[in-house]
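**Student:** Here you go, sequence then predicted model.
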There are 2 protein chains.
Amino acid sequence: MRQKKKSELLTEVELEFMNELWALGEGTVRDVLNQLPEDRNLAYTSAATILRILEQKEFVTSRKEGKRHVFVPALAKDAYQTRSLKDLSVKLFDDTPASLVARLVDDDSLTEEALGQIRALVDRRLKNDTG
Amino acid sequence: MRQKKKSELLTEVELEFMNELWALGEGTVRDVLNQLPEDRNLAYTSAATILRILEQKEFVTSRKEGKRHVFVPALAKDAYQTRSLKDLSVKLFDDTPASLVARLVDDDSLTEEALGQIRALVDRRLKNDTG
DNA sequence: GAGTATCTACGAAAAGTATAGTATTTCAAG
DNA sequence: CTTGAAATACTATACTTTTCGTAGATACTC
């Protein structure tokens, strides 16, 4: 019994587009294209193709509004973040989140402030579970 | 003045191979091939090609030993972990490590134990900095 | 030193991803 | 209506990544 299995991760360009859609909430091809940085010169039809692919892969849905399509994320950014972290963790950290964080907090470029925030997050989660 | 820019991230298969090399310390084409899971049926020449590419991209170096090449990681796993985390953080977490950790600790599948380890790591880092 | 196992070097097919072109449809304005 | 701007659908091209085959080199065995 073979599954499709294609791990459900976004390609580079797909992620670029999903990020804009997540920021916008929803949008047309034109909306997304306008949202891209100045120096990103992408043909309108390329953008349309990417959104069509995202719809095929069921990362977005669309409804028709007049003559155009309005695209809406079908997967929340949160959920995709979790999925990506899981993937990275499996591939590079032996599926051990703690070692991922270990690497993160070892990074010298991490600010004191960020560290404090991180601890607060962990503490809060621990309290909620046990309390 | 155009730079090479190709962000220095490993492709899927390249990462698969680097993981084996990191685990082995070093190895020949045959060594790496043997290290791969049973069901990963890859031709010997494919493995050789991948290692050649990794050498071109300077992720590994090699020395000749008899008629064969012994490949050695040129980049430590730690360093690549840091690089990957940075990349993920930029692409999906607004370059804010704290929000990455937030998502991580929100994951229900995370064990109490892992959470405790994570806090210990953060605490230790904070103490070292301030103390 | 001929035979065979195994290796490397190179090239290129096969598969996947990114970008864009052409043809057609849609809708709104004259 | 008819026309034209802008959208979609479909196809095609270019580039990247993954996989493998062929040819020739290297060394071990008898």
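**Tutor:** Structure received.
**Student:** Wait, A:Ser62 touches A:Pro73, no?
**Tutor:** No - counting by C-beta atoms under 8 Å, A:Ser62 stays clear of A:Pro73, with 10.8 Å between them. The C-beta positions use only the backbone N, C-alpha and C, and glycine is treated the same way.
**Student:** tell me the angle the lowest-mean-pLDDT helix or strand in chain A makes with helix B:112-130.
**Tutor:** The least trusted helix or strand in chain A, going by mean pLDDT, DSSP states H and E, turns out to be helix A:112-130, with a mean of 88. In terms of direction (axes from the mean of the first three to the mean of the last three C-alpha atoms, to 10 degrees), helix A:112-130 departs from helix B:112-130 by 150 degrees.
**Student:** ok, now how distant is A:Lys77 from DNA strand C?
**Tutor:** As judged by C-beta to the nearest atom of the strand, to the nearest Å, A:Lys77 and DNA strand C stand 18 Å apart.
**Student:** neighbours of that residue, just the number please.
**Tutor:** Using other C-beta atoms under 10 Å in any protein chain shown, A:Lys77 is surrounded by 16 other residues.
**Student:** residues contacting A:Thr82?
**Tutor:** By C-beta atoms under 8 Å, 6 or more residues apart in numbering or on different chains, the residues touching A:Thr82 are B:Arg103, B:Asp106, B:Asp107.
**Student:** ok, the second one touching A:Arg125?
**Tutor:** Yes - here B:Asp106 reaches A:Arg125: they are 7.4 Å apart, a contact under C-beta under 8 Å.
**Student:** Comparing the two, which shows the higher neighbour count?
**Tutor:** In this view B:Asp106 and A:Arg125 are compared by other C-beta under 10 Å, and A:Arg125 has more residues nearby, 21 against 13.
**Student:** domain ranges for chain A?
**Tutor:** For chain A, the structural domains run A:12-73, A:94-131, going by automatic domain parsing.
**Student:** is any part of the last one close to chain B?
**Tutor:** It refers to domain A:94-131. Yes - with C-beta under 8 Å from any C-beta of the partner chain as the criterion, chain B is reached by domain A:94-131 at A:96-98, A:100-107, A:110, A:112, A:114-119, A:121-123, A:125-126, A:129.
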